[in-house]
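Visitor: Sequence first, then the predicted structure:
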Amino acid sequence: MPNKYQKPCFVRRPNIIRKLAPFRIDDRTISYAEFAPKLYNLCRTLGFRKGKIMPSRAFCSDENQGWPIILLTKHFGTFPFNHGRVGGVVAVDRHGPHAHHGEDSVLVQASHVGYDPHTGVYGYCTRPKMDGICITPSCGKIAHVITPYLEQYHFAKDRIFLHLDDKGTYLITVKNSFIDFESHPVKDGLVINLENIVKISENGKILPVSAISTSQTYEVSEEFRQRIDATGYVWKTGEGESMGKYLSEDLFYFREDLHETDESILLERNLFEFMPIIVTSRNPSLRAAKINIQLEFARTVESIRRGIEYAGKNLLYIAGLNIDISEYEGHPATTYFVPWAAHIQIKDDTPTEYIKPLEQDRLFSLLMDQASVNPDQWDLKEEINRMLAAPRFDIRSPH
């Protein structure tokens, strides 16, 4: 008997959510003056050879990343290879050149964020080369990427209203531009997650109870009302009040063409999925930097393992956060490093303990076990004096 045609059964796939790993800052910061020698000594402990280690850095290009680069130069005895793009994104196509510049390889990757120790506020730093007191975002690229999303979020939370009608019905009024209508979906901008807020009919439809020229009003679900009530919120009658801080990260998302057109589009791609978490954070720049570090680490480790550039070499790749503190009260500007994860590869045979990446707590302990004194460090002043004392070469154009 011939097989009868069966109508294909389409099963809706569940939404797969990516969870961010914990990223601790408290009690995990190391000043670069201490981190650089500890990093060098860790390399030596792993069997990396004196005078053969080629460092590389994937930092932003801001001037406040200069001291970390100078300290890496001092302790590794050579200027670090440039492995980075804006925002602390790794240029994975530079693995090959980096690998060919030294027998043993070290890569330090970090996004950066400013910190004011007096206020505890992240995201800004002082620019001493500007007239007056000039305070700007510490990482202009991260700020540039997240600002359009922050503006949309602040616009939306002031134009979505919670209120209570005369019958005691709990309502939410939302501008049409935030609603993903079946007939007119949002193409560009913030989209309110109505299914997490309002009552859904038995046939699965979300139906407004009323509408005005630019907005729709819905009855909220019992679960959402209880959630809001648990915060101590008091519902207002009439037009109510704007949702404000109650527009939390799970209640909206963004649907947009990416804004960036240059290499910073790599940074925006990393952050886009997590923009609701970023824009609702108390410190958006810090949150963005931590997220970028995590995604870049995973991407870079994958590129190393799939590639051949570092095959048969000693390699230490360490990712973390650079925290910039501006000059104040006579204290010089300084940078701290917060280690987050590391990938270790040993030339002859990587020990089992390093087959998987080192997570934050273990990596921090491993670094802190190293001495803070590096007997092999360069005397930069002496090296510069040697350059000044060197003979002047007669350099001519070719004939």
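Guide: All right, it came through fine.
Visitor: Where does V108 sit, in terms of helix or strand?
Guide: strand 104-116 (DSSP states H and E).
Visitor: try L150
Guide: helix 140-157.
Visitor: Excluding its own residues, what touches the next helix or strand after that helix? List them.
Guide: Per DSSP H and E, the first helix or strand lying C-terminal to helix 140-157 is strand 161-164. Residues from elsewhere that reach strand 161-164, judged by C-beta atoms under 8 Å, 6 or more residues apart in numbering: 170-173, 220, 228, 233, 235-243, 246. Backbone N, C-alpha and C define where each C-beta goes, glycine included.
Visitor: Give me the buried entries from these.
Guide: For the contacts of strand 161-164, a neighbour count by 16 or more other C-beta atoms under 10 Å gives the buried set as 170-173, 220, 228, 235, 240, 242-243, 246.
Visitor: Which one of those is nearest to K347?
Guide: Taking C-beta to C-beta as the measure, K347 lies nearest Y246 of these, at 55.3 Å.
Visitor: Just the buried positions in stretch 152-164, please.
Guide: Residues of stretch 152-164 classed as buried: 152-153, 156-157, 159-163 (neighbour count, 16+ other C-beta under 10 Å).
Visitor: I133: which of these is nearest?
Guide: Each of those was checked against I133 using C-beta to C-beta; the closest is Y153, at 28.8 Å.
Visitor: need the contact list for M130.
Guide: By C-beta under 8 Å, 6+ apart, the contact list for M130 is empty.
Visitor: Can you list the residue ranges for strands in the stretch 151-300 of the chain?
Guide: Counting by DSSP state E, counting those that start in this stretch, the stretch 151-300 of the chain has these strands, from start to end: 161-164, 170-175, 189-192, 210-211, 215-219, 241-242, 252-255.
Visitor: Please spell out which residues along the fifth one are buried.
Guide: I take that to be strand 215-219. Residues of strand 215-219 classed as buried by neighbour count (16+ other C-beta under 10 Å): 215-219.
Visitor: Make CSV from the buried residues of stretch 152-164 and add pLDDT and distance to T280 to it.
Guide: Listed next are the buried residues of stretch 152-164 as CSV, based on pLDDT from 0 to 100; distance: C-beta to C-beta, whole Å:
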residue, pLDDT, distance to T280
Q152, 96, 12
Y153, 97, 7
A156, 96, 11
K157, 95, 9
R159, 95, 16
I160, 97, 14
F161, 97, 18
L162, 97, 17
H163, 96, 22
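Visitor: quick one: contacts for the residue nearest to the spatial centre of the chain?
Guide: In the chain, the residue lying closest to the centroid (C-alpha atoms, centre = their mean) is N292, at 2.5 Å. N292 makes contact with 87-89, 111, 142, 267, 270-271 under the criterion C-beta under 8 Å, 6+ apart.
Visitor: which of these lies closest to T29?
Guide: Nearest to T29, judged by C-beta to C-beta, of the contacts of N292 is S111 at 14.8 Å.
Visitor: Name the single longest helix found in this structure.
Guide: Counting by DSSP state H, the longest helix found in the chain is helix 284-306.
Visitor: tell me the mean pLDDT over it?
Guide: Per-residue pLDDT values over helix 284-306 give a mean of 96.
Visitor: Flag every buried residue along stretch 78-98.
Guide: 80-92, 94-95, 98.
Visitor: Among those residues, which one sits closest to P284?
Guide: P284 lies nearest to G87 out of those, by C-beta to C-beta, at 13.7 Å.
Visitor: Name the SS class of the closest one, please.
Guide: Using DSSP: H, G, I helix; E, B strand; the rest coil, the structure places G87 in helix.
Visitor: Nearest spatial neighbour of it, chain-adjacent residues omitted?
Guide: L267 (3.9 Å; C-beta to C-beta, 6 or more residues apart in numbering).
Visitor: Dihedrals phi and psi, N15?
Guide: Backbone torsions of N15, given as degrees, to the nearest 10, read phi -70, psi 130.
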